Every structure is written in C-alpha cells, then in structure tokens.
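S.K.: Just the structure for this:
(one chain, ligands or ions: 1)
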Amino acid sequence: MPAPANPRIAVLGFSIECNKFAPPATKAHFAARTYLEGEAILDEARRPTPTMLPETPGFVAAMDAAAPWTPIGVVLAMSEPNGPVEHGFFEEVVDTMTGRLKAAMPVDGVYFCAHGAAITTEEDDPEGVMFERIRDIVGPDVPVVATFDLHANVSDRMVDNIDAFIGYRTNPHLDMRERGKEAAAVLGELLAGTRTERVRIRLPIVPPTVTLLTAAGPYAEMIELGQSKMNPAIMNVSVMGGFAYADTPKNGLSVIVTARGDRSAAASLAAEIAQYGWEQRERFYPKLTSLDDAVQKALAAAHDPSLKPLAFADVADNPGGGGRGNTMYLLRAFVEAGVKRALFGVIYDPPLAAEAHRHGLHYNFDAHFNREETTNFSEPWTAPARVRALHDGNCVGRRGIYAGTRLALGPCAALVIGGITVVVVSHRVQCADPIFFEMMGIDIGKARAVVVKSRGHFRGGFDEFFGPDQIVEVDLPGLTSPMLSRFEWTRLPRPVIPLDDNVSWSPPAL
Ligand SMILES: [Zn+2]
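M.R.: Okay, here's the model as predicted:
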C-alpha cells in the first residue's frame with residue numbers, strides 16, 4: 001500500500017513524571033514550562049531553542065525533511081517532574097485533546113509525546129486513558145506512534161492502544177531528539193502499510209533511580225542486549241526502568257518489543273531480555289555514601305590539591321523526580337564542618353532570591369531558607385550570607401538534557417555562606433546544566449566540591465568537570481531517596497525487589 005500523499009498527522013503530548021509523595025501539579029506548573037494548543041505546537045517545535053523537550057522538535061524536523069505532510073497541532077502539555085496532576089486539569093487536557101482531534105478528523109497518523117510516569121490525584125494510568133481515547137477517535141487502522149521517557153511505568157492499556165512504543169535508551173537522557181526522529185521514520189513505515197505486534201513483559205523489580213544508569217550496570221546491559229538483537233523482524237526494543245515514586249500497580253522494570261507483524265519474534269526477544277534482567281536482580285540495590293563520609297570527602301578535597309575535585313549528588317532531593325530542591329541537610333552539614341571552595345546548586349527558594357535582589361550586590365544579611373515551602377523535609381535554616389551575583393534566570397541550556405532548551409529560572413542569586421557559594425532560583429529545576437552556575441559568573445573549574453540537587457542528569461551536563469569516579473551519591477532524607485523502604489507504598493505490586501524477600505518470577509509462556 002502506498003503511503004498517502006501529504007498525510008495529515010496529529011501531533012500531541014502529555015509529559016510529566018509524578019512523585020506521589022510530592023504536592024500536586026497544577027495547570028500553572030505546565031504553563032510555566034510548555035502548554036500549547038493547535039498550530040502553536042508546530043511553531044514552538046520549529047524554533048531553534050524551544051521550551052519543550054526535544055522529542056517533538058526531532059519528530060517535526062524529521063517529518064519536514066522527509067516529504068510534504070500536514071501536521072495538525074492538537075495539545076502539548078509538559079511540566080517539570082512534580083506531584084500527581086490535579087485530576088480536574090487532566091480531564092481538561094483530555095477534553096481539549098479529544099475535541100481538537102475529532103475536529104481534525106480524518107487524520108492519517110498520530111504522534112504522541114509521552115513521559116509514561118504520570119499519575120493524577122485520581123488516576124494511576126493517565127497515558128493509558130489518553131491512548132484509549134485517541135484509539136476510539138481515530139479507529140483501528142490509523143497508526144499511533146508514541147515516545148516515552150525511560151522512567152515510564154507501562155500498562156497493557158498503553159501498549160495495546162498504540163502501534164509503536166519508542167522509549168529513550170540513555171540515562172542521562174541524551175537521545176530525546178533521536179527518538180523523536182525514530183518516531184517519524186516508524187510512522188512513515190506504518191503509513192506505507194506495515195502492521196505491528198507489541199509484547200510487554202514486566203519484572204517484579206522496581207529499580208531505585210540510581211541503579212538505572214546506561215553507561216554501565218545491569219540496566220545498561222539489558223538495553224545493550226536488546227539493541228544487539230535488532231533484526232528485520234524487530235522495529236523497536238524499549239527497556240523501561242520505570243519511576244518508583246509514582247507508586248502504581250503498573251510499576252516495574254518492563255521490556256516492550258514492537259515487531260513488524262511477527263508476534264512470536266516480539267515475544268521471544270522480550271522474554272530473553274527480561275530473563276537476563278531477572279538474573280541481574282541482586283544488582284538493583286542502591287549503594288550510597290553517608291552524610292558523615294560525604295563531609296569528610298569534601299573537607300579532604302578542599303585541603304588536598306592532589307585529590308580530584310568531587311561532585312556530590314543530593315539524589316534524595318532531586319527536582320527532576322518531584323523533589324522540592326530545598327532540603328538543607330547537606331548545605332548545613334558542609335557549612336557547619338567548614339567546607340571551603342565549594343559550590344551548591346540549585347536551591348529553590350523564591351522569597352530568598354527576591355530578598356537578595358532587593359538588597360543588591362555585596363549586601364550582607366541573614367539568609368532565611370524555607371520561610372514558606374512546606375514539606376516534611378524542607379526545614380527552615382538561617383545563615384549569614386553575602387550577595388555575590390544576581391541574574392534574571394533566563395538562559396539556554398548548554399549541556400546534557402537541557403542543551404538547546406530555553407529555560408526561565410526566575411530571579412536567581414548566588415549567595416556566599418562560609419566557604420560555599422549557593423545558587424538560589426525561583427522556578428524549581430534540577431541542577432543538570434553547568435549554565436546555572438556559569439550564568440552567575442561562577443567558574444566551576446575552580447571549585448573543589450560541587451553539590452547538585454539532581455539524581456543523575458547532572459552527569460550529562462557536568463561530565464566536562466567530573467568523571468564517574470568523582471561523583472558521590474549522598475544518602476539523605478527526601479522525596480526522591482533511592483532507599484525505597486523509607487516510603488509508605490500503597491499501590492506498588494508486591495512482593496517486589498528491592499522491598500521484599502522471596503520474590504519469584506518465571507518467564508510468561510510464549
Ligand atoms: Zn527520565
């Protein structure tokens with residue numbers, strides 16, 4: 001069957017990673033990052049520095065380059081990771097999506113930019129709901145292609161209602177644009193008549209985030225195994241690590257294989273990769289550094305020039321996983337221990353940033369952290385500070401996941417507290433890009449210790465300064481602690497690794 005000339009393709013998306021233990025995400029959180037309807041989606045996707053993550057721009061660029069097409073922007077809602085989406089707003093997005101899609105019919109194909117770890121205050125599987133509604137509208141024969149973050153929690157409802165499942169393969173996520181381009185190539189093939197079979201296998205393993213790196217480790221090996229087995233029958237292999245803190249029944253390390261019409265090829269490859277992952281199950285337990293040891297390492301780095309400088313990751317307060325980016329455990333300990341030549345970024349504290357702007361450069365004052373923000377972990381703390389630098393927070397990401405993305409951090413201030421320079425921002429964001437220090441005039445190369453509130457994406461941004469052997473993941477309290485036994489889970493499938501003993505699994509019958 002020849003592909004339709006000038007195909008009409010619906011472009012839409014809903015992308016957020018939700019931490020059930022964090023305060024809810026509202027429409028304002030999406031508006032602050034990306035909320036677009038209609039033609040505006042295409043306009044923004046084609047800008048040199050779009051606000052949205054790069055999958056949609058990659059998809060649009062590849063479609064533009066391939067052949068004439070008629071894109072139809074529907075709705076694209078994208079937010080920084082946060083708490084569960086307020087269900088009323090989710091329903092509003094679904095209404096907008098279905099209304100606009102119905103009005104656009106007939107369409108020849110659909111591209112959906114998903115994250116895969118969304119929850120709402122009432123729904124565990126928002127992506128499944130949306131894909132089902134889209135399938136209802138377009139019917140069984142119109143191809144639907146979706147891209148996913150590798151932290152997606154995957155349900156059968158999601159897999160059954162789309163034609164191709166395309167997940168990121170790198171963590172830090174450096175292949176977002178490439179996966180968008182892959183989605184365009186896959187859609188082209190589906191428009192020409194290829195039909196797919198998808199098979200999903202889920203393991204009873206909910207991997208702590210720090211065990212999901214793709215440079216090395218058990219998860220990297222599963223992804224590599226999948227890629228090494230690509231053959232003409234297989235369209236895509238996605239190994240999804242999932243996002244524990246969504247706390248849903250669909251959580252669990254999952255393998256999703258999309259095959260060109262051959263279900264047995266998809267099933268046997270998915271089973272082989274799942275079996276390999278299961279054999280690695282003892283490697284999905286986190287190993288972190290205690291706060292005391294972290295302080296000693298920072299003191300040693302400051303005093304002994306023969307040692308390499310270190311990056312300390314506050315993995316338990318990662319805004320990229322719904323953390324508030326404002327816990328004080330590490331900053332307070334470093335200041336009290338007299339750590340010097342250190343940088344600390346980025347603390348989310350709008351009132352403090354505003355106060356620093358009111359005072360102006362070089363002003364000395366008592367910095368009151370967390371005078372407003374309220375979670376169990378966001379304790380107030382006060383320290384004498386000097387304003388070193390001020391900035392409006394508008395920047396373009398330089399490296400890693402934010403490279404080329406336009407970002408607005410709101411009013412920012414660099415405060416000197418003891419021997420540490422602390423960057424304070426007004427929009428919550430994970431410290432994954434060196435630009436957040438550099439825009440304040442700070443030279444990262446001169447620091448002996450850099451603390452980042454980020455779980456892993458800082459690795460893709462700060463790799464110019466810190467190799468894997470210079471990274472210290474610190475064990476602290478917080479909304480994104482990799483020590484999963486510290487949370488009150490209510491929806492996770494049990495028993496599950498790493499929470500329970502005597503977890504068993506055997507491959508499903510093919
Ligand atoms: Zn992710």
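S.K.: beta partners of Phe14?
M.R.: Beta-bridge partners recorded for Phe14 (DSSP bridges): Ala77, Ala114.
S.K.: wait, isn't it in contact with Thr96?
M.R.: No: between Phe14 and Thr96 no contact is recorded; they are 10.5 Å apart, counting by C-beta atoms under 8 Å. All C-beta spots, glycine's among them, are computed from the backbone N, C-alpha and C.
S.K.: Can you check which residues contact both of those two?
M.R.: Common neighbours of Phe14 and Thr96, using C-beta atoms under 8 Å, 6 or more residues apart in numbering, are Val75.
S.K.: Comparing the two, which shows the higher neighbour count?
M.R.: Taking other C-beta atoms under 10 Å, Phe14 and Thr96 do not tie; Phe14 has more neighbours (24 against 17).
S.K.: how much space between the more buried one and the ion?
M.R.: Taking C-beta to the ion, to the nearest Å as the measure, Phe14 falls 15 Å from the ion.
S.K.: what's the answer for His368, then?
M.R.: Distance of His368 to the ion, given as C-beta to the ion: 33 Å.
S.K.: In stretch 58-67, which of the residues would be classed as buried?
M.R.: Buried positions in stretch 58-67, judged by neighbour count with 16 or more other C-beta atoms under 10 Å: 58-63.
S.K.: Narrow those residues to those in helices?
M.R.: With helices defined by DSSP state H, the entries of the buried residues of stretch 58-67 inside them are 58-63.
S.K.: what subset of these is also close to the ion?
M.R.: Counting by C-beta under 5 Å from the ion, the subset of those that neighbours the ion is empty.
S.K.: out of the residues you listed, who's nearest the ion?
M.R.: Distances from these to the ion were compared by C-beta to the ion; the smallest belongs to Gly58, at 16.3 Å.
S.K.: Check the secondary structure at the residue of the stretch 151-300 of the chain found nearest the ion for me.
M.R.: As assessed by C-beta to the ion, the ion sits closest to His151 within the stretch 151-300 of the chain, at 3.7 Å. Per DSSP: H, G, I helix; E, B strand; the rest coil, the secondary structure class of His151 is coil.
S.K.: OK, contacts around the closest residue to the ion within the stretch 251-400 of the chain?
M.R.: Across the stretch 251-400 of the chain, no residue is closer to the ion than Gly320, which sits at 7.5 Å (C-beta to the ion). Contacts for Gly320 (C-beta under 8 Å, 6+ apart) come out as 17, 80-81, 430, 432, 454-455, 457.
S.K.: In this structure Ala265 contacts Ala259, no?
M.R.: Yes: in this structure, Ala265 is within contact of Ala259 by C-beta under 8 Å, at 4.7 Å.
S.K.: Give me the more crowded residue out of these two.
M.R.: Set Ala265 next to Ala259 and count neighbours by other C-beta under 10 Å: Ala259 wins out with 24 against 19.
S.K.: In which helix or strand does the closest residue to the more buried one other than its chain neighbours reside?
M.R.: Of all residues beyond its chain neighbours, the one nearest Ala259 is Ala266 (3.7 Å), with distances taken as C-beta to C-beta, 6 or more residues apart in numbering. Using DSSP states H and E, Ala266 falls within helix 263-279.
S.K.: now do Gly128
M.R.: For Gly128, the element it lies in under DSSP H and E is helix 126-138.
S.K.: name the helices or strands packed onto that helix?
M.R.: The helices and strands touching helix 126-138, judged by 3 or more C-beta pairs under 8 Å, 6 or more residues apart in numbering; DSSP states H and E, are strand 8-15, helix 87-104, strand 109-114, strand 144-148, helix 156-160.
S.K.: So which residues on the protein come close to the ion?
M.R.: Within the chain, the positions lying close to the ion (C-beta under 5 Å from the ion) are 149, 151.
S.K.: From the centroid of the chain, which residue is nearest?
M.R.: When the chain is reduced to its mean C-alpha position, the nearest residue by C-alpha atoms, centre = their mean turns out to be Gly320, at 5.9 Å.
S.K.: before we move on, back to that, and which of the contacts of Gly320 is nearest Phe334?
M.R.: Taking C-beta to C-beta as the measure, Ser454 is the one of the contacts of Gly320 closest to Phe334, at 16.7 Å.
S.K.: Could you pull up the contacting residues of the closest one?
M.R.: Contact criterion C-beta under 8 Å, 6+ apart gives 313-315, 318-320, 430-432 as the residues in contact with Ser454.
S.K.: about what we covered before: kindly give the local confidence score, pLDDT, for the residue of the stretch 251-400 of the chain closest to the ion.
M.R.: pLDDT, Gly320: 93.
S.K.: I'd like the ones in helices among the buried residues of stretch 58-67 as a markdown table, with pLDDT appended.
M.R.: Rendered in a markdown table, the data for those read as follows (pLDDT from 0 to 100):
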| residue | pLDDT |
| --- | --- |
| Gly58 | 98 |
| Phe59 | 98 |
| Val60 | 98 |
| Ala61 | 98 |
| Ala62 | 98 |
| Met63 | 98 |
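S.K.: Looking at those residues, which one is closest to Leu288?
M.R.: Sorting those by how near they are to Leu288, with C-beta to C-beta, puts Gly58 at the top with 34.4 Å.
S.K.: okay, now the residue nearest to that closest one when sequence neighbours are not counted: neighbour count?
M.R.: Sequence neighbours aside, Gly180 is the residue nearest to Gly58 in space, at 2.8 Å (criterion: C-beta to C-beta, 6+ apart). As a burial measure, Gly180 scores 25 neighbours (other C-beta under 10 Å).
S.K.: Same question for the one 3 residues further on.
M.R.: Taking other C-beta under 10 Å as the neighbour definition, Ala183 ends up with a count of 25.
S.K.: Might one say that it is in contact with Phe148?
M.R.: No: the pair Ala183 / Phe148 is not scored as a contact, 10.3 Å apart, by C-beta under 8 Å.
S.K.: Give the residues shared as contacts by those two.
M.R.: Between them, Ala183 and Phe148 share the contacting residues Ile166, judged by C-beta under 8 Å, 6+ apart.
S.K.: from what I can see Leu187 touches Ala146, true?
M.R.: No: with contact defined as C-beta under 8 Å, Leu187 does not count as touching Ala146 (10.5 Å).
S.K.: Give me the common contacts of the two.
M.R.: Overlap between the contact sets of Leu187 and Ala146, as judged by C-beta under 8 Å, 6+ apart, is given by 111, 164.
S.K.: returning to that earlier point: can I get the helices and strands packed on helix 126-138 in a markdown table with mean pLDDT?
M.R.: Written out in a markdown table, the entries for the helices and strands packed on helix 126-138 read as follows (pLDDT from 0 to 100):
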| stretch | mean pLDDT |
| --- | --- |
| strand 8-15 | 98 |
| helix 87-104 | 98 |
| strand 109-114 | 98 |
| strand 144-148 | 98 |
| helix 156-160 | 97 |
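S.K.: I'd like the ones you listed as CSV, with distance to Lys446 appended.
M.R.: As requested, those are arranged in CSV below (distance: least, C-beta to C-beta, whole Å):
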stretch, distance to Lys446
strand 8-15, 37
helix 87-104, 44
strand 109-114, 39
strand 144-148, 39
helix 156-160, 47
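S.K.: quick one: pLDDT of Leu510?
M.R.: Confidence per residue is given as pLDDT, and for Leu510 that number is 67.
S.K.: Quickly list what Leu343 is bridged to.
M.R.: Leu343 has these beta-bridge partners by DSSP bridges: Thr421, Val450.
S.K.: and the gap between it and Val452?
M.R.: 9 Å (C-beta to C-beta, to the nearest Å).
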